[in-house]
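J.: no sequence for this one, just the structure:
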């Protein structure tokens, strides 16, 4: 492992950029600020130009050359895809309102969302029209230097599956139309176009509650082309579900996870430590149960420590002295302990909501909570082995690692989950243990309800190769994308399935924009899945 970008090399790169931007005096150029100052002075501006303006000043070839230097928020596409959130319009939940939940029709936002959150602000500006939201975010990402030809859409705004069917279908169709750049006749036509669209939809995610994540909901989501389900579990306590008016039980949680995994979905679970009736030890125990009890074991996790915001039942409890949220110190200590226990097949997607401090009456409003947790772990000599902490794109960005492409090993970890068998097949760099990519393959439980799953069948729930987004058809020496890693992982999954597990039929839950890729690997469409007879 070698450290790259020495100070001397970095200075040289800034000089080359300055010359390409037309800066005449480059002798004293040693930073991006120097370049901006020179250009601002030349243009007789009071303020210095933004990175996006510098990118606009470069030719197409030079833009590609300097993109990594000028890209804003490079982590936005470090995981191999560009993620765009699109929000549904406000609808009240049928069961009522959870006591911790802000937003709703009364303030003109979806349930659980506040007006100052970035995604909500974009949605309000677009009047909740999906096409306008997507185009706005798409252009924004492109302008700040991100490739956006591989897009994962996150449909947010509360429990998507309880919205009227006509609205759900229209919303998803509009999402596809926006990426396709063509107005389709209906949703099936939109999906057909998306299969060969220039901008590839590589994933589609929706949020829901456990009681709105049963067989009929899952079947509908499959028809829409959804590939990931985010389930608001929050806790593992029926008592707390009653106290917080969640409107479902722990049995609903277990059933929703089993049904979703057996249908091939990637699963994100939302957890809320610090709810009324809980305590630090119980929350820690809940996470340990979540990771180790086969009834749960999610693939991904979003952790939202409980906050007190105005106009909620929890706010009333807080004002009456009946509830006290965790302090920042308590949250940091708890989650530092939790992250130490995270299995290597789980990805912690997010810690903390993007809620403006003006809306937080009590609880930790720190936006850098993840950094505080990592610092606490370093002090204790602990490490987190979750996917996000190991993925190669982020490690290359943050640790400036140079990875030996010839020193890669394929590993297989298997575990029981929701009545089925999971196989986490990963490609890792030996020296740094960096995660290059992985496949999640499942042998479904005997409760699997889909007609496509019969006999000796397994299903690929996820294939992901990490590294900075590389445009389709191009290569980047520093990225692991488009170097055959995904194909090798699929070949290993097929070998394992056929030779060791006696699997005859392999399914893939594929986003509509990745179906052509699987066709090249010998798969064909059956229902919502790509399938191959081994």
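T.: Nice, I can see it. Everything quoted here is computed from the prediction, not taken from an experiment. Residues are numbered from 1 along each chain as shown.
J.: Can you tell me the centre-most residue of the chain?
T.: Taking C-alpha atoms, centre = their mean, the centroid of the chain lies closest to residue 349, which sits 5.8 Å from it.
J.: which phi and psi does that residue have?
T.: When quoted as degrees, to the nearest 10, the phi and psi of residue 349 stand at phi -80, psi -40.
J.: from memory it sits against residue 302, does it?
T.: Yes. Taking C-beta atoms under 8 Å as the definition, residue 349 is a contact partner of residue 302 at 5.0 Å. Any C-beta I mention is one placed from the backbone N, CA and C, and that applies to glycine too.
J.: quick one: the residue nearest to the centre of the chain from residue 83, how far?
T.: In this view, residue 349 and residue 83 are 10 Å apart by C-beta to C-beta, to the nearest Å.
J.: From residue 364, how far off is residue 282?
T.: Here the criterion is C-beta to C-beta. By it, residue 282 lies 18 Å from residue 364.
J.: same check, this time on residue 533
T.: In this view, residue 533 and residue 364 are 52 Å apart by C-beta to C-beta.
J.: what residues are shared contacts of residue 349 and residue 302?
T.: Shared contacts of residue 349 and residue 302, defined by C-beta atoms under 8 Å, 6 or more residues apart in numbering, are found at residue 268.
J.: if we can go back for a sec, between residue 533 and residue 364, which has more neighbouring residues?
T.: residue 364 (21 against 9; other C-beta atoms under 10 Å).
J.: hang on, residue 131 in a helix?
T.: Yes. The secondary structure assignment for residue 131 places it in a helix, going by DSSP: H, G, I helix; E, B strand; the rest coil.
J.: Test my guess that it contacts residue 172.
T.: No. Counting by C-beta under 8 Å, residue 131 sits too far from residue 172 to count as a contact (11.9 Å).
J.: Tell me which of the two has more neighbours.
T.: Higher neighbour count among residue 131 and residue 172: residue 172, with 25 against 15, using other C-beta under 10 Å.
J.: Mind telling me what element the more buried one is part of?
T.: Assigned by DSSP states H and E, residue 172 belongs to helix 165-180.
J.: so how far is that helix off the chain centroid?
T.: The chain centroid and the centroid of helix 165-180 are separated by 20 Å under C-alpha atoms, centre = their mean, to the nearest Å.
J.: Kindly report the same for stretch 273-287.
T.: Using C-alpha atoms, centre = their mean, the distance between the centre of stretch 273-287 and that of its chain works out at 25 Å.
J.: How about stretch 361-370?
T.: Between the mean C-alpha position of stretch 361-370 and that of its chain there is a distance of 21 Å (C-alpha atoms, centre = their mean).
J.: how about that stretch: buried residues?
T.: Within stretch 361-370, the residues that qualify as buried by neighbour count (16 or more other C-beta atoms under 10 Å) are 361, 362, 363, 364, 365, 366, 369, 370.
J.: for those residues, which one is nearest residue 199?
T.: Looking at these and their distance to residue 199, the nearest is residue 370, at 30.1 Å (C-beta to C-beta).
J.: partner residues bridging the residue nearest to that closest one when sequence neighbours are not counted?
T.: If you skip the residues right next to it in sequence, residue 370 has residue 351 as its closest partner in space, 4.7 Å away by C-beta to C-beta, 6 or more residues apart in numbering. Counting by DSSP bridges, residue 351 forms beta bridges with residue 303.
J.: just residue 464 next, same as before
T.: With beta bridges defined as DSSP bridges, residue 464 has these partners: residue 438.
J.: Pretty sure it sits against residue 427.
T.: No. Proximity of residue 464 to residue 427 does not meet the contact threshold set by C-beta under 8 Å, at 10.4 Å.
J.: what sits in contact with each of the two?
T.: When C-beta under 8 Å, 6+ apart defines a contact, the residues bordering residue 464 and residue 427 alike are 437, 438.
J.: Are we agreed that residue 283 is in a helix?
T.: Yes. Assessed by three-state DSSP, residue 283 belongs to a helix.
J.: tell me the pLDDT at it?
T.: In this prediction, residue 283 carries a pLDDT score of 98.
J.: Surely it is in contact with residue 290?
T.: No. Judged on C-beta under 8 Å, residue 283 makes no contact with residue 290 at a distance of 10.5 Å.
J.: Neighbour count: these two, which is higher?
T.: Summary of the neighbour comparison: residue 283 and residue 290, criterion other C-beta under 10 Å, with residue 283 having more neighbours (28 against 22).
J.: And for the more buried one, nearest residue in space, chain neighbours not counted?
T.: Of all residues beyond its chain neighbours, the one nearest residue 283 is residue 273 (4.0 Å), with distances taken as C-beta to C-beta, 6+ apart.
J.: ditto for residue 525
T.: Looking at residue 525 with C-beta to C-beta, 6+ apart, the closest residue is residue 515, at 6.7 Å.
J.: part of a helix, is that neighbour?
T.: Yes. According to three-state DSSP, residue 515 belongs to a helix.
J.: mind listing the helices in the stretch 51-200 of the chain by residue range?
T.: For the stretch 51-200 of the chain, the helices identified by DSSP state H, counting those that start in this stretch occupy 51-57, 60-70, 118-125, 130-143, 165-180, 187-195, in order along the chain.
J.: what does the third one rub up against?
T.: When you say that, I think you mean helix 118-125. Outside helix 118-125, the residues that touch it by C-beta under 8 Å, 6+ apart are 85-87, 108-110, 113-115, 132-133, 136-137, 156-157, 354.
J.: Flag the least confident of these.
T.: residue 354 (78).
J.: Contacts only, for that one.
T.: For residue 354, the residues meeting the contact criterion (C-beta under 8 Å, 6+ apart) are 117, 118, 119, 367.
J.: Try it again at 7 Å.
T.: 117, 118 (C-beta atoms under 7 Å, 6 or more residues apart in numbering).
J.: likewise residue 323?
T.: Residue 323 touches 276, 314, 317, counting by C-beta under 7 Å, 6+ apart.
J.: Please apply the same query to residue 376.
T.: Neighbouring residues of residue 376 by C-beta under 7 Å, 6+ apart: 332, 333, 336.
J.: Let me have the residues you listed in CSV, extended by secondary structure.
T.: Below are the contacts of residue 376 laid out as CSV (three-state DSSP):
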residue, secondary structure
332, helix
333, helix
336, helix
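J.: Of these, which is the most crowded?
T.: When those are compared by neighbour count (other C-beta under 10 Å), residue 332 ends up highest, at 23 neighbours.
J.: ok, so what distance separates that one from residue 100?
T.: Look at residue 332 and residue 100: by C-beta to C-beta, they are 20 Å apart.
J.: same thing with residue 385?
T.: Residue 385 sits at a distance of 30 Å from residue 100 (criterion: C-beta to C-beta).
J.: which one of the two has more residues nearby?
T.: In this view residue 385 and residue 100 are compared by other C-beta under 10 Å, and residue 100 has more residues nearby, 27 against 16.
J.: The more buried one reaches residue 309, doesn't it?
T.: No. Assessed by C-beta atoms under 7 Å, residue 100 is found out of contact with residue 309, at 8.2 Å.
J.: ok but residue 409 is inside a strand, no?
T.: Yes. Under three-state DSSP, residue 409 sits within a strand.
J.: Quick check, pLDDT for it.
T.: Per-residue confidence for residue 409 comes out at a pLDDT of 91.
J.: Next: residue 502.
T.: Note on residue 502: pLDDT of 97.
J.: got the contact list for it?
T.: By C-beta under 7 Å, 6+ apart, the neighbours of residue 502 are residue 456.
J.: residue ranges with poor pLDDT in the stretch 251-400 of the chain?
T.: Filtered on pLDDT under 70, the stretch 251-400 of the chain yields the residue ranges 394-400.
J.: quick one, strands of it?
T.: 266-271, 300-303, 347-351 (DSSP state E, counting those that start in this stretch).
J.: got a markdown table for those strands, with distance to residue 126 too?
T.: Formatted as a markdown table, the strands of the stretch 251-400 of the chain follow (distance: least, C-beta to C-beta, whole Å):
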| stretch | distance to residue 126 |
| --- | --- |
| strand 266-271 | 25 |
| strand 300-303 | 24 |
| strand 347-351 | 23 |
